[in-house]
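> how would this look folded up:
(one chain, ligands or ions: 1)
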Amino acid sequence: MDTLSENRCFGGRQGVYRHASDACKCDMTFGLFLPAEAEDGPVPLLWYLSGLTCTHENAMVKAGAQQWAAEHGIALVFPDTSPRGADVADHEMYNLGQGAGFYVNATQAPWSANFRMWDYIAEELPRVLFNGFALDEERQAITGHSMGGHGALTIAMAYPGRFASVSAFAPITHPSQSDWAKKPIHAYLGEGNVDWTRHDACLSLRANGFAGPMLIDQGTGDQFIDSLMPEALAAAITETRHPAIFRMQGGYDHSYFFVSTFMEDHVAFHAEALYR
Ligand SMILES: N[C@@H](CCC(=O)N[C@@H](CSC=O)C(=O)NCC(=O)O)C(=O)O
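Numbers count the residues shown, from 1 in each chain. You can find the predicted model right below:
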């Protein structure tokens, strides 16, 4: 693993690291914030999965999460959203290809050669993190924005007991019914081959549930709200009677101005579950 940068940050350290990925068959870059407490022993870890067009960097520099994570003694990991490189397939649309991995394991050419973001996030990167840094594997939580909210919700529900809590900012909630997400997921997995109980948060909540608290924030002024379908997740939550806080935030759009506004609440929400 190569260290690309390390900076002092809120009493801790914000690092950027690169490693060779078996899952994605290319080099992958991630950001990791370690609070000061990590100097004395393993600390809890909050995963942040980013949305379309993002690298590891967007949330790391725009979400303002480090200040709140430092207050609670929690580490933050900011993975990339897809494999990358000149040898990696891409597409002119921003919601397919590099920057748009959708947290699935592609089975269709040309994507299947590298696009295995489910395995990368759920299997490979955890090993890199827990072997390389002072992180407590028994205390993990997960959040994400938009496509990353879809990733956070679906991965949390697929790994019972791994994550103490899950939250999302303006998540893609029901990709089986939304062209914005359905078309790229069909390209990766093949139309008719998708296990939507794994890759659609509304269907996964009904099929698998989640044994922990959930927090969702959605802006009412979000330009993508019709594709995100917050009403579908609200319905799934009420139908399953899952413990959740679901907030419609008046006037907020889809940007990192929205994410950063509510980041303090999300980190505090996860801290409560991680230190219970
Ligand atoms: N380029 C597109 C919109 C891209 C966009 O808004 N990406 C969001 C996530 S959307 C869902 O996954 C994002 O986080 N962008 C990065 C940022 O730093 O804001 C368009 O122009 O319509």
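
> can you name the farthest residue from the center of this structure?
Distance to the chain centre peaks in the chain at Asp40, reaching 27.3 Å (criterion: Cα atoms, centre = their mean).

> give the contact list for that residue.
Residues in contact with Asp40 (Cβ atoms under 8 Å, 6 or more residues apart in numbering): none are found. Backbone N, C-alpha and C define where each C-beta goes, glycine included.

> same check, this time on Ala63
48, 145, 256, 259-260, 263.

> need phi/psi at it.
Taking degrees, to the nearest 10, you get phi -90, psi -20 for the backbone angles of Ala63.

> quick one: it from the ligand, how far?
Look at Ala63 and the ligand: by Cβ to the nearest ligand atom, to the nearest Å, they are 9 Å apart.

> need the three-state assignment for the residue lying closest to Leu96 once chain neighbours are set aside.
Spatially, and ignoring its direct neighbours in sequence, Leu96 is nearest to Pro184 (4.4 Å; Cβ to Cβ, 6 or more residues apart in numbering). Secondary structure, DSSP: H, G, I helix; E, B strand; the rest coil: Pro184 is helix.

> list the contacts of Pro184.
Residues near Pro184 by Cβ under 8 Å, 6+ apart: 93, 95-96, 100, 102.

> please identify the buried residues of stretch 15-34?
15-17, 21, 23-26, 28-34 (16 or more other Cβ atoms under 10 Å).

> ah, wrong one, I meant stretch 201-220
For stretch 201-220, the neighbour count (16+ other Cβ under 10 Å) marks 201-206, 208, 210, 212-219 as buried.

> and those, which of them are in helices?
Within these, residues falling in helices by DSSP state H are 201-206.

> how about TSV for those, with distance to the ligand and pLDDT added?
Putting these into TSV (distance: Cβ to the nearest ligand atom, whole Å; pLDDT from 0 to 100) gives the following:
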residue	distance to the ligand	pLDDT
Ala201	14	98
Cys202	17	98
Leu203	19	98
Ser204	18	98
Leu205	20	98
Arg206	23	97
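
> which SSE is Met263 in?
Assessed by DSSP states H and E, Met263 sits inside helix 256-274.

> just how off-centre is that helix within its chain?
Computed by Cα atoms, centre = their mean, to the nearest Å, the chain-centroid distance of helix 256-274 equals 13 Å.

> picking that back up, between the buried residues of stretch 15-34, which sits nearest Cys9?
Cys9 has its nearest neighbour among the buried residues of stretch 15-34 in Phe33, at 6.4 Å by Cβ to Cβ.

> surely the closest one meets Gln67?
No. Using Cβ atoms under 8 Å, Phe33 is not in contact with Gln67, being 10.0 Å away.

> ok, back up a step: and the buried residues of stretch 15-34, which of them are in strands?
15-17, 21, 26, 28-34 (DSSP state E).

> could you dump the residues you listed to a markdown table with pLDDT and distance to Cys9?
Putting those into a markdown table (pLDDT from 0 to 100; distance: Cβ to Cβ, whole Å) gives the following:
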| residue | pLDDT | distance to Cys9 |
| --- | --- | --- |
| Gly15 | 98 | 9 |
| Val16 | 99 | 12 |
| Tyr17 | 98 | 15 |
| Ser21 | 98 | 25 |
| Cys26 | 98 | 28 |
| Met28 | 98 | 22 |
| Thr29 | 98 | 17 |
| Phe30 | 99 | 15 |
| Gly31 | 99 | 11 |
| Leu32 | 99 | 11 |
| Phe33 | 99 | 6 |
| Leu34 | 99 | 9 |
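
> of those residues, list those near the ligand.
Checked against the ligand using Cβ under 6 Å from any ligand atom, those give no members in range.

> so which of those would you say is closest to the ligand?
Closest approach to the ligand among those (Cβ to the nearest ligand atom): Gly31, at 13.6 Å.

> need the contact list for that closest one.
Going by Cβ under 8 Å, 6+ apart, Gly31 touches 14-17, 56-57, 60, 76-78.

> again, only this time at 6 Å
Listed by Cβ atoms under 6 Å, 6 or more residues apart in numbering, the contact partners of Gly31 are 16, 56, 60, 78.

> what parts of the stretch 101-250 of the chain come near the ligand?
So the stretch 101-250 of the chain meets the ligand at 145-147 (Cβ under 6 Å from any ligand atom).

> got the residues you listed as a markdown table, with distance to Met117 and secondary structure columns?
Output for those, formatted as a markdown table (distance: Cβ to Cβ, whole Å; DSSP: H, G, I helix; E, B strand; the rest coil):
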| residue | distance to Met117 | secondary structure |
| --- | --- | --- |
| His145 | 15 | strand |
| Ser146 | 15 | coil |
| Met147 | 10 | helix |
